[in-house]
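A.B. asks: take this sequence and fold it.
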Amino acid sequence: TLREGVAVTLAGASDEVTLQPWRREGWASAAGRDAYGLWAEFTVGKVVQRMRWVPPGTFVMGSPEGEVGRWEDEVPHEVTLTEGWWMAETPVTQALWKAVMKQNPSHFKGDDRPVETVSWDECQRFLERLNVAVPGLDARLPTEARWERSYRAGTVGATWLGDLSDDTTDPTLDAIAWYHANSGGETHPVGQKTANPYGLQDVPGNVWEWCSDRQARYAATPVTDPTGAATGTGRVVRGGSSFDDARSVRAAYRVAVGPGYRGVGLGFRLSRGQGSALRHEQAGSEPRSGE
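C.D. replies: Here you go, the predicted structure:
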């Protein structure tokens, strides 16, 4: 029998699994575990947002030389993230934005479509109001490193399905991303594409996603819990959108724009990290997608 605060380790011939009881946190209206791992939901009015647990660990951020579509600033380097975090299953929808902000700036209207045409500064105001509406949530934008690990979900390559064959159009993207070749030049309702191994959807494509960081040059040496440059004006956006080519929806692709910029196809995804009751979960216990 599992007891609160006590972990149980099951050891096999070649591996071991640690089971740790977890009490649903106060901000969550529901929680559970499925084939992808732990999930928890919060509610604002009638709008429900599901969050997925991303475990801590070490991964290679950036892209190797020779990757199709690669840019020179994607220097591969080892990144260790010492704490796990919650990541929203989908980008913030227009329904959630309206529930918090009471208006809708999006060009392509639809409650289940991602909110877009929002600046980094406007996202900060949204987060302030959301965190008042849901005490204890402590929502924020993900760091660039947390965003890329969430996308990769323990895999390597241009996407979690592997590398691209072409930097403009690649049919392997149809299953996981809305991008220029299949979107019809507009955003689409969230959650229609196949989830990655962490259960996250629309990470590549549909809308660009703001990160918390100012863009910094990558070092080739290992880093721990990076948070971007200390100074500078540009804020990182990741993931590509419905209007971009295949190279832009790769896991390593990065660009920065001014925090006041509002563009069609520019949205964001929620993250929640420090203060979580799961922050000490072992790095090796990564969830896997089931059959």
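
A.B. asks: so how far is residue 71 from the residue lying closest to residue 203 once chain neighbours are set aside?
C.D. replies: Distances taken as C-beta to C-beta, 6 or more residues apart in numbering place residue 151 nearest to residue 203, at 4.7 Å, with adjacent residues excluded. In short, each C-beta sits where N, CA and C put it, glycine included. Separation of residue 151 from residue 71 (C-beta to C-beta, to the nearest Å) stands at 16 Å.

A.B. asks: Three-state assignment for the residue nearest to residue 203, please.
C.D. replies: Assigned with DSSP: H, G, I helix; E, B strand; the rest coil, residue 151 falls in the helix class.

A.B. asks: I'd say it and residue 252 touch.
C.D. replies: No. Here residue 151 does not reach residue 252: they are 9.1 Å apart, not a contact under C-beta atoms under 8 Å.

A.B. asks: give me the more crowded residue out of residue 151 and residue 71.
C.D. replies: Neighbour count, other C-beta atoms under 10 Å: between residue 151 and residue 71, residue 151 has more, with 23 against 15.

A.B. asks: just the pLDDT at the more buried one, thanks.
C.D. replies: The score at residue 151 is 98. That number is its pLDDT.

A.B. asks: and it, how far from residue 89?
C.D. replies: With C-beta to C-beta as the criterion, residue 151 and residue 89 are 13 Å apart.

A.B. asks: name the residues contacting each of these two.
C.D. replies: residue 200 (C-beta atoms under 8 Å, 6 or more residues apart in numbering).

A.B. asks: tell me who's in contact with residue 63.
C.D. replies: Contacts of residue 63 by C-beta under 8 Å, 6+ apart are 70, 74, 76, 158, 250, 251, 252.

A.B. asks: check contacts around the first one.
C.D. replies: Each residue near residue 70 by C-beta under 8 Å, 6+ apart is listed here: 63, 64, 247, 252.

A.B. asks: hmm, try it at 7 Å
C.D. replies: residue 63 (C-beta atoms under 7 Å, 6 or more residues apart in numbering).

A.B. asks: can you tell me the element it falls in?
C.D. replies: Using DSSP states H and E, residue 70 maps to neither a helix nor a strand.

A.B. asks: same check on the second one?
C.D. replies: Taking DSSP H and E as the criterion, no element holds residue 74; it sits outside all helices and strands.

A.B. asks: my guess is it meets residue 62, correct?
C.D. replies: Yes. The criterion here is C-beta atoms under 7 Å, and residue 74 meets it with residue 62 at 4.5 Å.

A.B. asks: what touches both of these two?
C.D. replies: residue 252.

A.B. asks: what does stretch 82-92 rub up against?
C.D. replies: 40, 49-56, 114-115, 142, 146, 150, 190-191, 199-202, 206-207, 209, 224-225, 267-274, 276, 278-279, 281.

A.B. asks: keep only those of those residues that are in helices.
C.D. replies: Among those, DSSP state H puts 146, 150 in helices.

A.B. asks: contacts only, for residue 206.
C.D. replies: Counting by C-beta under 7 Å, 6+ apart, residue 206 makes contact with 91, 114, 178, 187, 188, 190, 241, 242.

A.B. asks: tell me which element the last one is part of?
C.D. replies: For residue 242, there is no helix or strand it lies in under DSSP H and E.

A.B. asks: and the fifth one, by the same measure?
C.D. replies: Under DSSP H and E, no helix or strand contains residue 188.

A.B. asks: who touches it in this structure?
C.D. replies: Taking C-beta under 7 Å, 6+ apart as the test, what residue 188 contacts is 113, 178, 206, 242.

A.B. asks: what is the burial count for the second one?
C.D. replies: The reference is to residue 178. The number of residues near residue 178, taken as other C-beta under 10 Å, comes to 29.

A.B. asks: ditto for the first one
C.D. replies: Counted with other C-beta under 10 Å, the burial measure for residue 113 works out to 22 neighbours.

A.B. asks: right, and it touches residue 187 too?
C.D. replies: Yes. Counting by C-beta under 7 Å, residue 113 touches residue 187, with 5.1 Å between them.

A.B. asks: need the contact list for residue 212.
C.D. replies: Taking C-beta under 7 Å, 6+ apart, we find residue 212 in contact with 140, 141, 142, 143.

A.B. asks: now do the strands in the stretch 51-200 of the chain.
C.D. replies: Applying DSSP state E, counting those that start in this stretch to the stretch 51-200 of the chain gives strands spanning 57-61, 77-81, 85-88.
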